[in-house]
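K.L.:
Just a sequence and a predicted model for now, questions to come.
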Protein chains: 2
Amino acid sequence: MPHTKAKPVVNTRIQARNKELILAAALDVFSASGFRGATVDQIAAKSEMSKPNLLYYFRRKEDIYVALLEHTLSDWLEPLRELNPEGDPLTELSRYISAKMQMSEANPKASRLFANEILHGAPMIEKFLKGPLRQLVAEKSLVIQSWIAAGKLAPVDPHHLIFAIWAVTQHYADFSVQVDAVLGRREDSKAAQKAVLEILLRGLQVKQS
Amino acid sequence: MPHTKAKPVVNTRIQARNKELILAAALDVFSASGFRGATVDQIAAKSEMSKPNLLYYFRRKEDIYVALLEHTLSDWLEPLRELNPEGDPLTELSRYISAKMQMSEANPKASRLFANEILHGAPMIEKFLKGPLRQLVAEKSLVIQSWIAAGKLAPVDPHHLIFAIWAVTQHYADFSVQVDAVLGRREDSKAAQKAVLEILLRGLQVKQS
DNA sequence: CCTCCTCTTGACCATTTGATCAAGAATTAT
DNA sequence: ATAATTCTTGATCAAATGGTCAAGAGGAGG
């Protein structure tokens, strides 16, 4: 077998450091411009690295993008996973919504990265959507359904309730430009969280007849 | 004054027809790939027109994009504009939400076009957001505020209520890939509309004490 | 029919951009 | 120290892409 130039097998310190640098820069660039709009040169510049050097760590532009998505996909599921079937429904949902709002505030770039990917048909994460995500949502929908059956929650379609929570919470990250423009100022995240909780939860309380 | 080649002044039938063809094709392409991801060649191919011919009608790629945005911006405001201060609050909001859901279903491409533009910082429609849109939202927020003051609606922040309505309704157009993947089937727009109305409106009813 | 203006296109150009390569610098292991 | 491996980069390439141009085809009015 001829000797072919192979990528390093081990992960050296330099590799770990530079890969981190690249991913951080790539998040900035991809979230701002999308996959097609981002250029390798921009990412290289932001990583303070020459383009060939960047491509030494990630052979293709797409590899950076995919790594970035994978790097954050599981974080994305975490808050929903923590929805506790044994807990009080309104408390649990309140915690979930608050966690999502805080994620939007703390990491709007990651949110925009996903939004852009899904908006364009999710070519890279189709399997994630149809696999782990769908699975988890199905499971938690059953939990919500059981709360409704127990009379602890107003009857709503669990799937659409989850969609509504995603939509509203991510709106503040993905469309922050519009939110700020309409409000005429930087949005106050505390106030937004409070308002969102009221709007989404108020209708879920069981009415006493 | 030297004779300079000028664009035609009048709008001939051929111009009207071809501009329509181009805008229709461009909506397909831009909504699927974003501004940067779309290519003039793709739009030309979809319009069944040579690239130079397309550029005879719109000198630059950006001109097509801007024309497309302007072409639909005012349509976008219409449903909110129709919110009637004299009407019954829940009926009015219900009609507004239904109208938005129907727009998402009827024209998801336009919705995605806007979503993409805003996601990337709204460079082309900043003035629209800070001008007409903000103006209209401010006006309708006052209407909602007056309904609350009259005890006809639960107390919620009007701006955030409007954001929530936008977020949820547009979610079904912008993130339809995710919705379908999670549901495991094409989303049923009738069912979605019903669920959304319940989720958003139920909490707005005034509780009898 | 003829003229003027509109419409259409093949060929072409300059720039951007993702990616490669060879060669040298730095680091690590022996 | 020195050999082996990893890291870095200037130069370069091919393809993609936005846009131009000159020349001809087509249509409308006189």
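P.N.:
Sure thing, it's come through. Since the model is a prediction, treat every value here as computed from it, not as a measurement. Residues are numbered from 1 along each chain as shown, chains lettered A, B, ... in the order given.
K.L.:
ok, A:Gly203 - contacts?
P.N.:
Neighbour list for A:Gly203: A:Ala154, A:Val156, B:Glu198, B:Ile199, B:Leu200, B:Leu201, B:Arg202, B:Gly203, B:Leu204 [criterion: C-beta atoms under 8 Å, 6 or more residues apart in numbering or on different chains]. All C-beta atoms are positioned from the backbone trio N, CA, C, and that covers glycine.
K.L.:
which ones are touching the fourth one?
P.N.:
What it means is B:Ile199. B:Ile199 neighbours (C-beta under 8 Å, 6+ apart): A:Val156, A:His160, A:Leu161, A:Ala164, A:Leu200, A:Gly203, B:Val168.
K.L.:
And the buried ones among those, selectable in ChimeraX?
P.N.:
A single ChimeraX command selects the buried members of the contacts of B:Ile199 (16 or more other C-beta atoms under 10 Å in any protein chain shown):
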select /A:156,160,161,164,200,203 /B:168
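K.L.:
if we can go back for a sec, go through the contacts of A:Gly203 and flag which are in helices.
P.N.:
Using DSSP state H, the subset of those located in helices is B:Glu198, B:Ile199, B:Leu200, B:Leu201.
K.L.:
Show the model's pLDDT score for the second one.
P.N.:
According to the prediction, B:Ile199 has pLDDT 98.
K.L.:
could you measure it against B:Arg186, distance?
P.N.:
Using C-beta to C-beta, to the nearest Å, B:Ile199 is found at 21 Å from B:Arg186.
K.L.:
quick one on the thing from earlier: let me know the closest of the contacts of B:Ile199 to B:Ile125.
P.N.:
The closest of the contacts of B:Ile199 to B:Ile125 turns out to be B:Val168 (C-beta to C-beta; 21.7 Å).
K.L.:
The closest one is in contact with A:Gln170, isn't it?
P.N.:
No. The pair B:Val168 / A:Gln170 is not scored as a contact, 11.0 Å apart, by C-beta atoms under 8 Å.
K.L.:
got the residues of chain A near DNA strand C?
P.N.:
Residues of chain A lying near DNA strand C by C-beta under 7 Å from any atom of the strand: A:12-14, A:38-41, A:51-52, A:55, A:59-62.
K.L.:
surely A:Ser176 meets A:Pro108?
P.N.:
Yes. With contact defined as C-beta under 8 Å, A:Ser176 reaches A:Pro108; the gap is 6.3 Å.
K.L.:
Would you mind telling me which of these two has more residues around it?
P.N.:
A:Ser176 (20 against 17; other C-beta atoms under 10 Å in any protein chain shown).
K.L.:
mind listing what the more buried one touches?
P.N.:
Applying C-beta under 8 Å, 6+ apart, the residues contacting A:Ser176 are A:Pro108, A:Glu187.
K.L.:
Check what pLDDT it gets.
P.N.:
The per-residue pLDDT reported for A:Ser176 equals 98.
K.L.:
any idea which helix is longest in chain A?
P.N.:
helix A:13-37.
K.L.:
can you give me how far it is from the chain middle?
P.N.:
The chain centre lies 16 Å from the centre of helix A:13-37; the measure is C-alpha atoms, centre = their mean, to the nearest Å.
K.L.:
I'd like the next helix or strand past it.
P.N.:
Using DSSP states H and E, the helix or strand that follows helix A:13-37 towards the C-terminus is helix A:40-46.
K.L.:
Does that next one reach DNA strand D?
P.N.:
No. Using C-beta under 7 Å from any atom of the strand, helix A:40-46 stays clear of DNA strand D, with a minimum separation of 8.5 Å.
K.L.:
in stretch A:32-47, what's buried?
P.N.:
Buried, per 16+ other C-beta under 10 Å, within stretch A:32-47: A:32-38, A:40, A:42-44, A:46-47.
K.L.:
so which two of these are the farthest from each other?
P.N.:
Longest span within the buried residues of stretch A:32-47, C-beta to C-beta: A:Arg36 and A:Ser47, 19.7 Å.
K.L.:
what stretches of chain A score poorly on pLDDT?
P.N.:
Within chain A, the stretches with pLDDT under 70 are A:1-10, A:208-209.
K.L.:
how does it look with 90?
P.N.:
For chain A, the stretches with pLDDT under 90 are A:1-14, A:74, A:206-209.
K.L.:
residue boundaries of the strands in chain A?
P.N.:
With strands called from DSSP state E, chain A shows none.
K.L.:
which residues in it form helices?
P.N.:
A:13-37, A:40-46, A:51-57, A:61-81, A:89-106, A:108-119, A:126-128, A:134-149, A:158-174, A:176-183, A:189-201.
K.L.:
Please tell me how far the last one is from the chain's geometric centre.
P.N.:
The chain centroid and the centroid of helix A:189-201 are separated by 19 Å, computed with C-alpha atoms, centre = their mean.
K.L.:
Quick one: work out the angle between that helix and helix A:176-183.
P.N.:
90 degrees (axes from the mean of the first three to the mean of the last three C-alpha atoms, to 10 degrees).
K.L.:
Can you list the buried residues in helix A:189-201?
P.N.:
Buried residues in helix A:189-201 (16+ other C-beta under 10 Å): A:Ala192, A:Gln193, A:Ala195, A:Val196, A:Leu197, A:Glu198, A:Ile199, A:Leu200, A:Leu201.
K.L.:
Redo those residues as TSV? Include distance to DNA strand D.
P.N.:
Shown next, in TSV, are those (distance: C-beta to the nearest atom of the strand, whole Å):
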residue	distance to DNA strand D
A:Ala192	37
A:Gln193	40
A:Ala195	41
A:Val196	38
A:Leu197	44
A:Glu198	45
A:Ile199	41
A:Leu200	41
A:Leu201	46
